[in-house]
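Participant: Make a model of this:
(chains A and B)
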Amino acid sequence: MMNMVQACGVVAQQRGDNSILVATMGAMFVFDRIEGGNGAASGVPLVGGTAGLVIGLGVAKLKTLLPGGSPPGGATGGSRISSVPLMGGAAGLGLGLALAQPQRRVVIVDGDASLLMELGSLVTVAQAAPRNLLHAVIRNGTQFTGLANLQSPAAGFSFAEAARNAGYRHAERIDDGAQWAERFPALLAMGGPVFVELGVDPLPQRAGEGFAQTEMPDEQFERMGREALAMQRRLLAAEAA
Amino acid sequence: MSATATSRISASAAVAALQRNGVDHVVTVPDWVQLSLHERLQRGVPGIRLLNTTNENQCITVAAGLTIGGRKPVLVMQNQGLYNGLNTLRAVCLDAHVPLVFMVGQFGREYANLGQDPRQSRRTMVRIMEPLLEAIGVPFVRIETDADFDGLEDAYARAERERGAVVLLVGAPMGWC
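Facilitator: Numbers count the residues shown, from 1 in each chain, chains lettered A, B, ... in the order given. Okay, here's the model as predicted:
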């Protein structure tokens, strides 16, 4: 199994400037950290295992402290939008963007519990058949990953098989981070809709006895609107140019 | 004997209004009240792509993606569908301020209530719709005759200006003409 830095880092480093990224909350937090404040994920090592996770996040943090670095999060540059707080919304958002912007590659990084909430979206996507859509799902088997790691009800369920049956043009499962990095360019270039189920280790659980839950910041409820507006302006400007 | 109604709303007027306003996508889970519009769209209307989704939450997210990407969708669903999509409407239109226009059929409205106040309908799904929209701060317009489709232009302008949702409540079965 790969770790979250590998799963998201491959997308961040290889998707290209012209692409659009739609992410659910769990992936959003990792993208925020590895892309830093300037949206650049380069230089973050994608190494497997728990050690690799710690190293990847450590280097990401170090980058923010270097000259020219900036705090993580918030700098999506109009090319990334987070479906938050809205479990199940990523596939539909990505589909609409892919249909509206057929000249751009659209990558969805979905969550397993999120996709389960709108499993019918696999059929909706397949019926609309956007050629420019790569739909990845982080299969880590947990909800509130890294916090309480509650089990998501997906044991024995194959997302890749479901996507194939729904009518995606290609679907596969990848568990190895190096293989994901190697396969990504071909999957992105393939005529879609393409689906990939990523076998990912859950983040280490932080909550336990004595743990105090902090308030959800306003940012969590406002960022999707900011990102939507920034993306809309960027895409309209590009069309006008 | 079942009641029938002479419709004062037509699919042709609805299609004409969509075309007049430059709508390029209809994102939908079909609605009994707007059946004739669905049939017309399914046969093909130049410049309008019909996108069927498997539930109304997806209608809202797909339409949001289209809007952010520079297209001009309309959402077509029935009142039950809007109830189903309430949390997605909250996220997309109330919190994220994506402007969207909905055409929502008042499914279940008894014919005895046509021409009367839908808040007096004996059917819950009809009666609670307007109070619900008021409670969540979503403006709405009643569509009871073809002439009411003139309000579509204002609906888009208001959705864009206020960065939110506007709902057209289609109050009676659309005629098949």
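
Participant: ranges for the helices of the chain?
Facilitator: Because you didn't say which chain, this covers chain A. With DSSP state H as the criterion, chain A has helices at A:4-14, A:25-35, A:49-65, A:90-100, A:112-117, A:121-128, A:159-166, A:177-189, A:219-240.

Participant: Sorry, I should have been clearer: chain B.
Facilitator: For chain B, the helices defined by DSSP H occupy B:11-20, B:35-43, B:56-68, B:79-84, B:86-89, B:124-127, B:129-135, B:151-162.

Participant: Once you drop chain neighbours, what's closest to residue B:81?
Facilitator: In this structure, residue B:81 finds its nearest non-sequential neighbour in residue B:56, 3.8 Å apart by CB to CB, 6 or more residues apart in numbering or on different chains. For glycine as for every other residue, the C-beta is placed from the backbone atoms N, C-alpha and C.

Participant: For chain A, what lies in contact range of chain B?
Facilitator: A:22, A:81, A:83, A:85-86, A:88-101, A:118, A:120-121, A:123-124, A:127-128, A:221-222, A:224-225, A:228-229, A:231-232, A:235-236, A:239 (CB under 8 Å from any CB of the partner chain).

Participant: same thing but at 6 Å, please
Facilitator: By CB under 6 Å from any CB of the partner chain, the residues of chain A that approach chain B are A:86, A:89, A:92-93, A:95-97, A:100-101, A:120-121, A:123-124, A:128, A:221, A:224-225, A:228, A:231-232, A:235-236, A:239.

Participant: Now which of these would you call buried?
Facilitator: A:86, A:89, A:92-93, A:95-97, A:100-101, A:120-121, A:123-124, A:128, A:224-225, A:228, A:231-232, A:235 (16 or more other CB atoms under 10 Å in any protein chain shown).

Participant: could you point out where the chain is predicted with low confidence?
Facilitator: In the absence of a named chain, chain A is used. Within chain A, the segments meeting pLDDT under 70 span A:37-39, A:67-76.

Participant: wait, I meant chain B there
Facilitator: Counting by pLDDT under 70, chain B has low-confidence residues at B:1-5.

Participant: Name the residue closest to the centre of it, please.
Facilitator: By CA atoms, centre = their mean, chain B has its centre lying nearest to residue B:103, at 0.8 Å.

Participant: does it have beta-bridge partners, and which?
Facilitator: Beta-bridge pairing for residue B:103 (DSSP bridges): residue B:76, residue B:168.

Participant: thinking it is in contact with residue B:76, fair?
Facilitator: Yes: between residue B:103 and residue B:76 there is a contact under CB atoms under 6 Å: 4.8 Å.

Participant: Contact residues of chain B facing chain A?
Facilitator: Contact residues (CB under 6 Å from any CB) of chain B with chain A: B:51, B:53-55, B:58, B:61-62, B:64-66, B:68-71, B:91, B:95-98.

Participant: Filter the residues you listed down to the buried ones, PyMOL style.
Facilitator: Buried residues within those, by 16+ other CB under 10 Å, are selected in PyMOL with:
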select buried, chain B and resi 51+53+54+55+58+61+62+64+65+66+68+69+70+71+91+95+96+97+98
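
Participant: if I look at the residue nearest to residue B:81, how far off is residue A:193?
Facilitator: In this view, residue B:56 and residue A:193 are 21 Å apart by CB to CB, to the nearest Å.

Participant: The two: which is more packed in?
Facilitator: Neighbours per residue (other CB atoms under 10 Å in any protein chain shown) separate residue B:56 from residue A:193, with residue A:193 holding more: 30 against 25.

Participant: And that one, how far from chain B?
Facilitator: In this structure, residue A:193 and chain B are 13 Å apart, going by CB to the nearest CB, to the nearest Å.

Participant: Please name the nearest non-neighbouring residue to that residue.
Facilitator: Spatially, and ignoring its direct neighbours in sequence, residue A:193 is nearest to residue A:133 (4.5 Å; CB to CB, 6+ apart).

Participant: doesn't residue A:36 make contact with residue A:64?
Facilitator: Yes: at 5.2 Å, residue A:64 counts as touching residue A:36 under the criterion of CB under 6 Å.

Participant: okay, the two: which has more neighbours?
Facilitator: Shown here are residue A:64 and residue A:36; by other CB under 10 Å, residue A:36 has more neighbours (22 against 16).

Participant: what about residue A:211, how many neighbours?
Facilitator: Neighbours of residue A:211 under the rule other CB under 10 Å: 11.

Participant: cool, and residue A:127?
Facilitator: The tally of other residues near residue A:127 (other CB under 10 Å) stands at 15.

Participant: Residue B:151 too?
Facilitator: Neighbourhood size, residue B:151 [other CB under 10 Å]: 16.

Participant: Is the residue lying closest to it once chain neighbours are set aside bridged to anything, and to what?
Facilitator: Take residue B:151 and drop its neighbours on the chain: the residue closest to it by CB to CB, 6+ apart is residue B:141, 4.7 Å away. Beta-bridge pairing of residue B:141 under DSSP bridges involves residue B:168.

Participant: Pull the contacting residues for residue B:154.
Facilitator: Listed by CB atoms under 6 Å, 6 or more residues apart in numbering or on different chains, residue B:154 has no contact partners.

Participant: now it: how far from residue B:161?
Facilitator: Here residue B:154 is placed at a distance of 10 Å from residue B:161 (CB to CB).

Participant: Pull up the gap between residue B:154 and residue B:21, please.
Facilitator: 10 Å.

Participant: and residue 9, what is it in contact with?
Facilitator: Going with chain A. So residue A:9 contacts A:34, A:44, A:46 (CB under 6 Å, 6+ apart).

Participant: try again with chain B
Facilitator: Contact analysis of residue B:9 by CB under 6 Å, 6+ apart lists B:172, B:174.

Participant: Just confirm residue A:184 contacts residue A:14, I think it does.
Facilitator: Yes: using CB under 6 Å, residue A:184 is in contact with residue A:14, at 5.0 Å.

Participant: Neighbour count: those two, which is higher?
Facilitator: A direct count of neighbours by other CB under 10 Å for residue A:184 and residue A:14 places residue A:184 higher, at 20 against 15.

Participant: Touching, residue A:202 and residue A:145? I think so.
Facilitator: Yes: applying CB under 6 Å, one finds residue A:202 in contact with residue A:145, separated by 4.9 Å.

Participant: So between these two, which is more surrounded?
Facilitator: Neighbour count, other CB under 10 Å: between residue A:202 and residue A:145, residue A:145 has more, with 27 against 20.
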